[in-house]
Each structure stands twice: as C-alpha cells, then as structure tokens.
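**Student:** Let me see the structure of the following:
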Amino acid sequence: MKKNLYTVFALLLLFVFSCSKSSNTDIDSDTNQPIDKPASFKAIGDSANDLLSNDKFDKLKLEIGYVKDFRPTATTIADLVEFLKEYTFKEIIEITYLELDSPNKETLKLQEVADLETKNRTAFNQGKTLAVYIYFSDAPSDDDEPEADLVTLGAVYRNTSMVIYESTIINLAAKSTRISTGTVETATLLHEFGHLFGLVNIGSDMVNPHEGVTTDEVSGEEIGNKHCNQDGCLMRAELEFGAGMRKMITAKNGQVPDYDTECLLDLKANGGR
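**Tutor:** Numbering: from 1, shown residues only. Below you'll find the model as predicted:
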C-alpha cells in the first residue's frame, strides 16, 4: 500500500512543530480577557487533558467553519455534543458556525488547510473556555488515491484543529444504500476527536498496550500507527479512509462504532469520564 499511516502522522507532527505562532496575546474588547492564540498552535495530543478534564477549562467552544452547501447535518452536531458530554467533563458546549468561501481547489494539501484556518479562525482559548476549530471542506485531500479506493475522510493537524473532507464523505455515502452521510460524518468526527483526546499513544498514555502497527516503507520495520488494534474500536486506523469506514459501519448495521475497553481506560487515566 502506497499510503503509510505512520509516515503521514509523523509528517503531521513535524508540520505542527514548524508552524509559526503568534507572538502577541490579544485582548477581547467585550470581556477585557486575554485571547490565547498560541495555545491553539501546538502538537496533536497536547491539549488532551484540557479537553477531557475540567482542571483548566470548564467550557468548550466549537467553531465550525464550512464551505457553503457543505455544512454538517444538525443531527451530526447533536451526536457530537452528546459524545463529548459522555467522554469528557465538559458540560457547557457552545457551537458557532462560520460560512466560508470556497478556496476553489480541486484538492487540498494539509498545509493549505492550516493556512485557511490561520486566515479564518476566530475562536481561541479565553479564560475558562477551550476552543476547537473544525473545517468542513468542499475539496478532497491531496493524498487521496481514488483509483485504489483510498480516500481520506478527516485529519487532525494541531492540538485543537481538524479537517473533515465533507465532499468525500458525501460521495462515499452516495455509493451505498447501507450508510448515510450523517453516519459517516459522525463516525469521522468522533474518530478525529479521539486523536485530539490523545488516542492512541499521542498524548494520552496507554494503560495497556493496544497500539496497532504498520510497516515503515523505508526501514521495513514494524512501527506504531497511532491507532487502536482492538476489533470494532472507533479508533481503528481504517476508519480514516473510505473503504474501511464503509466496511465497519456496514458491519455495525449502520451504527457508529464506539471506543473499546482499552481506549476508555486511556481516556479515564488522562482526565476523562
């Protein structure tokens, strides 16, 4: 397989560390509170405990940026809020929507997604509020290999940032009568939030070993793939890609998979419910 999960993830981490950070702290003119922009430009998993626990932040603000006609369904967002309240201690969750112009790209590199966030994101940590930015794209990932049925549904690239390739999700759901756009949206969102929660082994330490492996294309050695190796788990590696998502949801009779016991132990150990 041309696509190597570990290599892709390592590149994402490298990208995160190379991102430029704001050197100034802005002040909100309405509340006179500082807006902590640099805190949103850290490595994947760095805010896992902040998301799961209420030690530093007791409110979560989700800013959903979307291209017109690619806004997520209301049911998907309701499912996301229910999920967050089930696995984190955040009881106050605010949703804001930001309709954005299309970048008019056939595909989007992850760096281009990050550049769009830098241009458009308005929600950042403030006081006891932790902010997360989710971009619903009208263009697929530049890494897709549609001829091999390898299409990316979503990705995290910073500690509080993710992209959902909505056009890819819509196309995937349209190919099957057994899965819906909303179900694929929800499964993708929850999977990517798992990475923001530090799963697997990227910010939330493993209580017991359960990280999957892949073969490094250069060395030929088996290395961790930052996903769960337990059957049926929401954090299985294949859930990030079209064929795997379709197969797993179909096997679950159209239902979104859940965390397995090992992932739940990791979340609880790092401050989750």
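
**Student:** can you list the weak-confidence ranges in this structure?
**Tutor:** Scanning the chain for pLDDT under 70 picks out the ranges 1-25, 28-32.

**Student:** mind listing the helices for it?
**Tutor:** Secondary structure of the chain (DSSP state H): helices located at 5-18, 48-52, 74-87, 110-120, 166-174, 181-196, 242-251, 261-269.

**Student:** possible to save the ones you listed as TSV with distance to Pro103 and mean neighbour count?
**Tutor:** For the C-beta atoms, the positions are set from N, CA and C on the backbone; glycine is no exception. Listed next are those as TSV, based on distance: least, C-beta to C-beta, whole Å; neighbours: other C-beta atoms under 10 Å:
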stretch	distance to Pro103	mean neighbour count
helix 5-18	18	16
helix 48-52	28	23
helix 74-87	22	17
helix 110-120	6	16
helix 166-174	12	20
helix 181-196	20	24
helix 242-251	22	18
helix 261-269	34	19
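
**Student:** The ones you listed: which one's closest to Arg236?
**Tutor:** helix 242-251 (6.9 Å; C-beta to C-beta).

**Student:** Alpha carbons only: can I get that closest one in CSV?
**Tutor:** C-alpha atoms of helix 242-251 as CSV (Å, rounded to 0.1, in the frame of the first residue of the first chain):
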residue,chain,number,x,y,z
GLY,A,242,-13.3,5.4,2.7
ALA,A,243,-13.2,1.7,2.2
GLY,A,244,-12.6,0.9,5.9
MET,A,245,-15.3,3.3,7.1
ARG,A,246,-17.9,1.8,4.7
LYS,A,247,-16.9,-1.8,5.8
MET,A,248,-17.0,-1.1,9.5
ILE,A,249,-20.3,0.9,9.5
THR,A,250,-21.9,-1.9,7.4
ALA,A,251,-20.6,-4.5,9.9
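
**Student:** So what's the residue count around Gly65?
**Tutor:** The local packing of Gly65 (other C-beta atoms under 10 Å) involves 22 other residues.

**Student:** That one and Thr88, how far apart?
**Tutor:** 22 Å (C-beta to C-beta, to the nearest Å).

**Student:** hang on, the earlier thing: adding distance to Gly154 as columns, could you present the helices of the chain in a markdown table?
**Tutor:** What follows is the helices of the chain, written out as a markdown table (distance: least, C-beta to C-beta, whole Å):
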| stretch | distance to Gly154 |
| --- | --- |
| helix 5-18 | 12 |
| helix 48-52 | 17 |
| helix 74-87 | 12 |
| helix 110-120 | 11 |
| helix 166-174 | 8 |
| helix 181-196 | 4 |
| helix 242-251 | 10 |
| helix 261-269 | 17 |
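
**Student:** closest to Asp144 out of those helices?
**Tutor:** Across the helices of the chain, closest to Asp144 is helix 166-174 (C-beta to C-beta), at 7.3 Å.

**Student:** Please identify which of the helices of the chain is closest to Asp101.
**Tutor:** So among the helices of the chain, helix 110-120 is nearest, using C-beta to C-beta, at 9.2 Å.

**Student:** Show me how far the closest one is from its chain's centre.
**Tutor:** 15 Å (C-alpha atoms, centre = their mean, to the nearest Å).

**Student:** what helices or strands is it leaning on?
**Tutor:** helix 5-18, strand 59-67, strand 92-100, strand 129-136, strand 154-158, strand 161-164 (3 or more C-beta pairs under 8 Å, 6 or more residues apart in numbering; DSSP states H and E).
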